[in-house]
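Q: Return a 3D structure for these sequence lines:
(one chain, ligands or ions: 1)
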Amino acid sequence: MLAIGTANPTGMVLPQDEFVDDIFRLTNSDHLTELKQKLKRICQKTGIDKRYFHLTPESIVAHPEFFDRELPSLDARVDIVATAVPELAHSAATKAISEWGRPAIDITHLVFSTYSACQAPSADLRLASLLGLRPTVSRTILSLHGCYGGGRALNLAKQLAENNRGARVLVACCETTLVCFGRADGSNLVGHALFGDGAGVVIVGAGPFGETEHPLFEMVSATQTTIPKSDHVLGMQVSGAGVDFHLGIQVPTLIAQNIEQCLVDAFSKGVHPPCSWNDLFWAVHPGGRSILDNLDTVLNLEPEKLAASRHVLREYGNMSGATIVFVLDELRRRRKEGLLPEWGAMLAFGPGITIEAMVLRTPSPNKKW
Ligand SMILES: CC(C)(COP(=O)(O)OP(=O)(O)OC[C@H]1O[C@@H](n2cnc3c(N)ncnc32)[C@H](O)[C@@H]1OP(=O)(O)O)[C@@H](O)C(=O)NCCC(=O)NCCSC(=O)/C=C/c1ccc(O)cc1
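A: Next comes the predicted model:
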């Protein structure tokens with residue numbers, strides 16, 4: 001990984017302790033008192049302080065169909081995401097490219113992950129055009145991978161960079177709740193309490209590196225594991241009313257029960273396993289506070305090990321596939337302060353239940369590539 005950029009929309013920046021009152025008022029739902037109290041209870045347990053949204057109070061009022069399942073809303077949502085998603089990704093990408101120090105036309109591959117891809121050509125082509133990438137840039141769009149999209153895109157970028165000499169892969173993950181934001185009901189409260197909007201971009205390449213290129217993290221080995229018989233537990237479904245999501249109550253337990261084997265598999269692919277999980281730095285997708293708590297318990301982690309993930313969850317919420325890029329960005333900040341060990345583990349989870357695991361290494365300044 002050679003550079004990282006992130007961006008958030010500022011349509012609404014909602015403190016978590018005001019979110020429920022604001023959303024229920026804007027969607028004329030104040031009469032649903034039990035639901036409102038339950039969502040408040042869940043919000044208090046999320047470990048989130050604030051979240052960013054593309055939607056504004058004005059656009060919520062202008063689109064009553066977003067909050068009435070009886071009315072079709074997919075067309076209006078797709079209209080908005082068609083520009084909002086590539087533009088947000090563009091903000092993150094310009095930061096990453098500026099840090100990378102080379103011109104955008106040197107990008108050879110683009111991997112774009114979003115759960116808002118409902119059209120073709122899609123957000124990948126629009127982003128390529130906004131950035132002025134070369135017409136021969138090799139584009140891939142990953143759709144509906146949800147929260148493991150960032151992990152999947154980085155894994156793919158690693159394969160592309162290692163198998164195409166001189167390749168420079170721009171990985172863009174951009175998620176906005178525009179396609180799924182609706183009236184709170186009994187089935188979607190946890191998503192309402194967790195999800196926010198954001199974009200994260202990473203530029204990936206294998207050596208030899210140019211003068212301006214300074215590797216941030218080395219992606220050493222990667223695995224993808226699907227937890228057997230868990231496909232019904234976590235999912236998304238496109239409907240006339242947008243994208244519906246389902247987050248089963250078993251998710252944190254299932255991840256906890258399977259995570260150690262995934263890590264052992266990732267670390268046994270030709271690299272030395274660490275003496276203890278506490279010898280690593282950790283880049284974990286903060287899917288929810290209880291997922292992080294469970295990982296602390298089953299892996300017996302010291303309290304500060306998941307600090308970067310908890311920081312991102314607190315400041316931005318769960319931005320699905322983009323979140324892991326924010327965690328990596330926070331970790332490289334901590335690395336500058338000399339706070340990271342040499343070896344690390346990256347984890348992202350999503351529908352399947354799919355677990356993306358990757359062994360990371362902080363490059364030594366003297367390493368020859
Ligand atoms: C912050 C939570 C939601 C609550 O904290 P807690 O410590 O478990 O608190 P409680 O046990 O007291 O639960 C509070 C209330 O929430 C309820 N609850 C607790 N999980 C649940 C539950 N999954 N259902 C429905 N009620 C619940 C629970 O029953 C209880 O209800 P009540 O007794 O009436 O107050 C916590 O459980 C948590 O972080 N859960 C993990 C959430 C989760 O699955 N995250 C998704 C990981 S994968 C991912 O990141 C994204 C995938 C994705 C997919 C689709 C997309 O469109 C985009 C993305």
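Q: burial count for the residue in the chain that the ligand sits nearest to?
A: Sorted by distance to the ligand under Cβ to the nearest ligand atom, the residues of the chain start with G288, at 2.2 Å. The way it works is simple: take the backbone N, C-alpha and C, and place the C-beta from them, glycine included. Taking other Cβ atoms under 10 Å as the criterion, the count of residues near G288 is 26.
Q: tell me the contacts of it?
A: Contact analysis of G288 by Cβ atoms under 8 Å, 6 or more residues apart in numbering lists 46, 190, 194, 251-252, 318.
Q: Recalculate using a threshold of 7 Å.
A: Neighbouring residues of G288 by Cβ atoms under 7 Å, 6 or more residues apart in numbering: 194, 252, 318.
Q: which SS class is the second one?
A: For P252, the secondary-structure state derived from DSSP: H, G, I helix; E, B strand; the rest coil is helix.
Q: about what we covered before: I'd like the distance between the residue of the chain closest to the ligand and D21.
A: Per Cβ to Cβ, to the nearest Å, G288 is found 22 Å from D21.
Q: so which of the contacts of G288 comes closest to A184?
A: L194 (12.5 Å; Cβ to Cβ).
Q: Just give the nearest non-adjacent residue to that closest one, would you?
A: N318 (4.3 Å; Cβ to Cβ, 6 or more residues apart in numbering).
Q: same question, L313
A: Computed as Cβ to Cβ, 6+ apart, the closest residue to L313 that is not its neighbour in sequence is P286, at 3.7 Å.
Q: Just the CA atoms of stretch 37-48, as PDB, please.
A: Provided in PDB are the C-alpha atoms of stretch 37-48 (Å, rounded to 0.1, in the frame of the first residue of the first chain):
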ATOM      1  CA  GLN A  37     -37.000   3.900  22.600                       C
ATOM      2  CA  LYS A  38     -35.500   0.700  21.300                       C
ATOM      3  CA  LEU A  39     -33.400   2.400  18.700                       C
ATOM      4  CA  LYS A  40     -32.200   4.800  21.400                       C
ATOM      5  CA  ARG A  41     -31.200   1.800  23.600                       C
ATOM      6  CA  ILE A  42     -29.200   0.300  20.700                       C
ATOM      7  CA  CYS A  43     -27.600   3.600  19.700                       C
ATOM      8  CA  GLN A  44     -26.300   4.000  23.300                       C
ATOM      9  CA  LYS A  45     -24.500   0.600  23.000                       C
ATOM     10  CA  THR A  46     -22.800   1.200  19.600                       C
ATOM     11  CA  GLY A  47     -19.600   2.900  20.700                       C
ATOM     12  CA  ILE A  48     -20.300   5.600  18.000                       C
END
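Q: avg pLDDT for that stretch?
A: Mean per-residue pLDDT for stretch 37-48: 97.
Q: any residues touching it, and which ones?
A: Residues from elsewhere that reach stretch 37-48 (Cβ under 7 Å, 6+ apart): 16, 19-20, 184, 189-190, 192-194, 289, 310, 313-314, 317.
Q: will you turn the contacts of G288 into TSV that also has neighbour count, distance to the ligand and pLDDT?
A: Listed next are these as TSV, based on neighbours: other Cβ atoms under 10 Å; distance: Cβ to the nearest ligand atom, whole Å; pLDDT from 0 to 100:
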residue	neighbour count	distance to the ligand	pLDDT
L194	26	6	97
P252	20	5	97
N318	27	5	98
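Q: Lovely, talk soon.
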